[in-house]
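Enquirer: Let me see the structure of the following:
(chains A and B)
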Amino acid sequence: MEKYKHINLTVASSPHVVGEINTTRIMATVMIGLIPSLMVSVFVFGARAVFLTLVCVIACVAFEHLFKKAIKQESTVSDLSAVVTGLLLAFNLPVSMPYWQAVIGCFVAIVIVKQLFGGIGQNFANPAVTARIVLLVSFATPMTTWPTAARIFTSADAVSGATPLGIFARHEFDSLPSNLDMFLGTVGGSMGETSAAALLIGGAFLIYKKIISPAIPVSFLGTMAIYSMLAGVDPVFQIFAGGAVIGAFFMATDYSTSPITTNGKIIFGIGCGILTMTIRLFGSYPEGVSFAILLMNIVTPHIDALSGRKLYGGGVR
Amino acid sequence: MKLFKKHLHGISVEHSKNTMNDTTETMPVPDMVYISMSQHIGAPCKPLVVAGDEVTVGQKLGDSDSPVSAPIHSSVSGTVVSIDEIMSSLGTMDKTVVIKTDKRQTPYPEIQIPKTETREEFVRAVRESGLVGLGGAAFPTHVKYNPKNIDQVKTLIVNGAECEPFITSDYRTMMEDSQDIIDGIALIMRHLHMDRCYIGIEENKPEAIKNLSRLTENSQEISIVRLNSKFPKGAERVLIYETTGKVLAPGKLPADIGVIVSNITSIAFLGQYFRTGMPLINKRITVDGNAVSTPKNVLAPIGTQIFEIINFCGGYKKIPKKIIMGGPMMGRTIYHDGKPLIKNNNAILAFDETQSYMPKETACINCGSCTRVCPLHLMPTAIARAYKQDDIDGLKRLKVSICMECGCCSYVCPAKKQLSMISRLAKAKVKEAEQSGKI
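Expert: Numbering: from 1, shown residues only, chains lettered A, B, ... in the order given. Presented below is the predicted three-dimensional model:
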């Protein structure tokens, strides 16, 4: 046996260095991307926007922690994904939503959609999107009672009004808000989705930080624009109205529930765009983004299996 | 020259080339050397000496009849103490000639400068030099230079990428032995009747590019290719693509598409061998890592124990936790620091507790980063899934066999999954299934 100075050194498989990025950092970056929208919604809808957001975030984190404790696994709240779900769910609710109903939404998102399917990365449907749909069919009145933005500046009580898409669905085209109002977000709607400008800033930040690829947002919104033009409606209005921008940048891009390859992402985005516009123009609901994303979530494994990736040296997986 | 050149993917790693400007120091001969009989891919050598024999520098210690093997020479003069079985960094037990040195470094009397005219003579001389691929693969060079279709092989690609962090030994070769490199290229091109040579160097080594450009400016055949500094530019398939644009299909050898790739240090050694006749007996290695007092480039006799080399670099400044033979992306760890230096080692990195810390694995979030960075367009998460399910057909369809274990997927994974290790295990699983005839 040869002599040595140090023994019992760590034996490990290469690589022996890894990058800085981890799940917590990704989720923290997404949270930063949502800050502009939160600021606009507080400005437009008042302090209750902050309280509703806090309720959703705290409820989501608590449900995740308690569930993990109940099944005797290490808590995963430090990866911040529950915080992101809470933020997104809050942004999808009218600001006047009763807190207890919002908490039920958080339970659906975290426990039923995410944890029962195996936790982060394993869920097949986007938690916030699914929870929003469950709330919409369970509590139809509070989920479609929209405090109008303009009223908030004049009175303390929220007065219900209609969203631009609601007005559009009723064919009251004369009372539609201007595209500029919708771009800035001073219109009725879910608290975090009204301001296209704030969401675009956040989305651009995520693309710049390479957290999301532009493939899904561009194909999603691009398809919506083309569909609108073919159907003879205003594409700018359709993109800025409802949840299209928040959906395209923050919810359809959810890693777990969207395809991996760029080709797959484009197919996914086109599917979301077509479904959204079909529901908006021909369905009985005025808004179709969350249904579109959920339906495309379900076919994501098939898109992944079918969208080829050219391997080096020939052959397609 | 193509206007829009497509690059293969890769990752930006911190270069950490701390020893770049340190001129190589030759270390004194240690008291004992341990020369392994298995320092290459292929059949191990049989020892030609027995305990008690006197040996001299450059004397052949081991050789093999197998076509894929390379002889091994003594790096010191002294007395053979014993022939032991020692575990290598791969975990195999190798016959090892243990020599007590006399410090006189008497050269082997029969050493002579090789004189070669024909290709056959050249290939034989390369074999006698004991040269193996010094970039890390350790494939016997004489086998590589003697493919079946040698008449169709017209291009030599010299690998000076040195894309691994920390390692600067190839860079020092380019700075200190540049004439040997040029001589080596000329020898290979003349004997193997080649008409084109590309030297690929990463752009983070501007001085080396300048140095070699100056020496090749009057040459029509040799051109220097500036590679962008994305790991792993020095991997064979990646380098062939980046220099010639050719794609090497799975299961093919570079010679099948008309190229031969050699590491720049191997080439420099050939230049030197045809100048002095001294076979491969010592190696320039980078010694670095935060547990080492004075990181530097060292010229050490093959068979020197790692702790002796670290002692020459001022010893340990902190307690080492992990010692890597090679770079941090693809190098192998060793169990204790008494392991001997072998031919294809180009670096020794000694990391302390903090530097060897690896974060804990968390759940995969399906982000697809691994798939995006894979230079060969593989899908590491899909491979991991197929591996877990014992899906051999799936693994073959995913072409795991071409994975070069570069480690990019593990490096970028936000969940800190050891994807590179899983692919390595998956490759072994496929090989095992193929050998046992299951498929």
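
Enquirer: which residues touch the residue in the stretch 201-350 of chain B positioned nearest to chain A?
Expert: Closest approach between the stretch 201-350 of chain B and chain A, counting by CB to the nearest CB: B:Gly338, at 3.1 Å. C-betas here are computed from N, CA, C, even on glycine. Remark: with contacts taken as CB atoms under 8 Å, 6 or more residues apart in numbering or on different chains, B:Gly338 is in contact with A:2-5, B:305-307.

Enquirer: tell me which parts of the stretch 51-200 of chain B are close to chain A?
Expert: B:84, B:86, B:98, B:165 (CB under 8 Å from any CB of the partner chain).

Enquirer: By mean pLDDT, which helix or strand of chain A comes out lowest?
Expert: helix A:149-154 (a mean of 51; mean pLDDT, DSSP states H and E).

Enquirer: Residue of the stretch 51-200 of chain B closest to chain A, please.
Expert: With CB to the nearest CB as the measure, B:Ile86 is the residue of the stretch 51-200 of chain B nearest to chain A, at 6.3 Å.

Enquirer: Run a quick neighbour tally on the closest residue to that residue other than its chain neighbours.
Expert: By the measure of CB to CB, 6 or more residues apart in numbering or on different chains, the closest residue to B:Ile86 outside its immediate chain neighbours is B:Thr96, 4.4 Å from it. By other CB atoms under 10 Å in any protein chain shown, the residues close to B:Thr96 number 24.

Enquirer: Doesn't B:Thr96 lie inside a strand?
Expert: Yes. Under DSSP: H, G, I helix; E, B strand; the rest coil, B:Thr96 falls within a strand.

Enquirer: related to what we said a few turns ago, most neighbours, which of the contacts of B:Gly338?
Expert: Among the contacts of B:Gly338, B:Ile306 has more neighbours than the rest - 26 neighbours, counting by other CB under 10 Å.

Enquirer: got the residues of the stretch 51-200 of chain A near chain B?
Expert: Looking at chain B, the residues of the stretch 51-200 of chain A close enough under CB under 8 Å from any CB are A:76, A:79, A:81, A:119-122.

Enquirer: I'd like the secondary structure assignment at the residue of the stretch 201-350 of chain B closest to chain A, please.
Expert: When the structure is reduced to helix, strand and coil (three-state DSSP), B:Gly338 reads as coil.

Enquirer: Can you tell me how far it is from B:Asn218?
Expert: Taking CB to CB, to the nearest Å as the measure, B:Gly338 and B:Asn218 are separated by 49 Å.

Enquirer: likewise A:Ala198?
Expert: With distances defined as CB to CB, the gap from A:Ala198 to B:Asn218 amounts to 62 Å.

Enquirer: which of these two has more neighbours?
Expert: Neighbour comparison, A:Ala198 and B:Asn218: the larger count goes to A:Ala198, with 25 against 7 (by other CB under 10 Å).

Enquirer: which SSE is the more buried one in?
Expert: Under DSSP states H and E, the secondary-structure element containing A:Ala198 is helix A:196-208.

Enquirer: which element follows that helix toward the C-terminus?
Expert: For helix A:196-208, the following helix or strand on the C-terminal side (DSSP H and E) is helix A:215-231.

Enquirer: Just the buried positions in that next one, please.
Expert: By neighbour count, and taking 16 or more other CB atoms under 10 Å in any protein chain shown as the criterion, the buried residues in helix A:215-231 are A:215-217, A:219-225, A:227-228.

Enquirer: any residues touching that helix, and which ones?
Expert: Counting by CB under 8 Å, 6+ apart, the neighbours of helix A:215-231 from elsewhere in the structure are A:203, A:207, A:234-235, A:237-239, A:244-245, A:247-249, A:252-253, A:258, A:262, A:265-266, A:268-270, A:272-274, A:276-278, A:281.

Enquirer: mind checking how far that helix is from the chain centre?
Expert: What separates the centre of helix A:215-231 from the centre of its chain is 18 Å, taken as CA atoms, centre = their mean, to the nearest Å.

Enquirer: before we move on, the earlier item: tell me what angle the helix holding A:Ala198 forms with helix A:215-231.
Expert: Relative orientation of helix A:196-208 and helix A:215-231, computed by axes from the mean of the first three to the mean of the last three CA atoms, to 10 degrees: 140 degrees.

Enquirer: Flag every buried residue along helix A:196-208.
Expert: With burial defined by 16+ other CB under 10 Å, the residues of helix A:196-208 counted as buried are A:196-200, A:202-203, A:205-207.

Enquirer: Repeat that for stretch B:36-44.
Expert: By neighbour count, with 16+ other CB under 10 Å as the criterion, the buried positions of stretch B:36-44 are B:36-44.

Enquirer: quick one: which of those is nearest B:Ile240?
Expert: Taking CB to CB as the measure, B:Ile240 sits nearest to B:Ile41 out of those, at 19.1 Å.
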